[in-house]
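Engineer: Dropping the sequence and predicted coords here.
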Amino acid sequence: MPSAEKEIVIDRPVAEVYEFLANAENDAQWRPGVVEIRRASGEGVGSVYRQAVKGPMGRSIDADIETTDLVPNELIAFRTRTGPVRPTGRYELAAEGEGTRVRFRLDAELAGPKKLLMGRMVQKTMRNEVGALANLKRVLETR
């Protein structure tokens, strides 16, 4: 099962980081793979975002996400609803001094032919996604 995890400390209060991440429309500001993202429906748990991400050979791939759990200032969880691979993800937040420790984790289940054909590519993409936390830090610390 492909998975990736990374954590970083951001020099901003937990509430500010949580509010930024809880609105997935902000993802385009720090996740370079996002072509487009916008809220399609709902608020809070159950909210759905239409998302297009960069795919192979420059093609755009639909990868809509749904918020599955929110614990203010502690946790944001989501699942991908469309696309060839449908990972789940979570941001875990904790105060660290005046800043916020953010842990970003992605997991995807691949079986059969998808596992053989896409496993390495999915793993690489997931590592790149969690690696983008450095961009999140830069964006939030320069606001």
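Structural biologist: Yes, it's here.

Engineer: When you work out contacts or count neighbours from here on, use the C-alpha atoms and nothing else.
Structural biologist: OK.

Engineer: In the protein, mark out all the helices, start to finish.
Structural biologist: 14-22, 112-131, 133-141 (DSSP state H).

Engineer: ok, and which of those has the densest surroundings?
Structural biologist: helix 14-22 (a mean of 18; mean count of other C-alpha atoms under 10 Å).

Engineer: got the angle for it vs helix 133-141?
Structural biologist: 120 degrees (axes from the mean of the first three to the mean of the last three C-alpha atoms, to 10 degrees).

Engineer: R39 against G46, yeah?
Structural biologist: No - counting by C-alpha atoms under 8 Å, R39 sits too far from G46 to count as a contact (11.2 Å).

Engineer: Please identify the buried residues of stretch 73-91?
Structural biologist: 73, 75-82, 85-91 (16 or more other C-alpha atoms under 10 Å).

Engineer: Could you find the closest non-adjacent residue to the residue nearest the centre of the chain?
Structural biologist: Centroid-nearest residue in the chain, with C-alpha atoms, centre = their mean: G89, separated by 6.2 Å. Computed as C-alpha to C-alpha, 6 or more residues apart in numbering, the closest residue to G89 that is not its neighbour in sequence is L106, at 4.4 Å.
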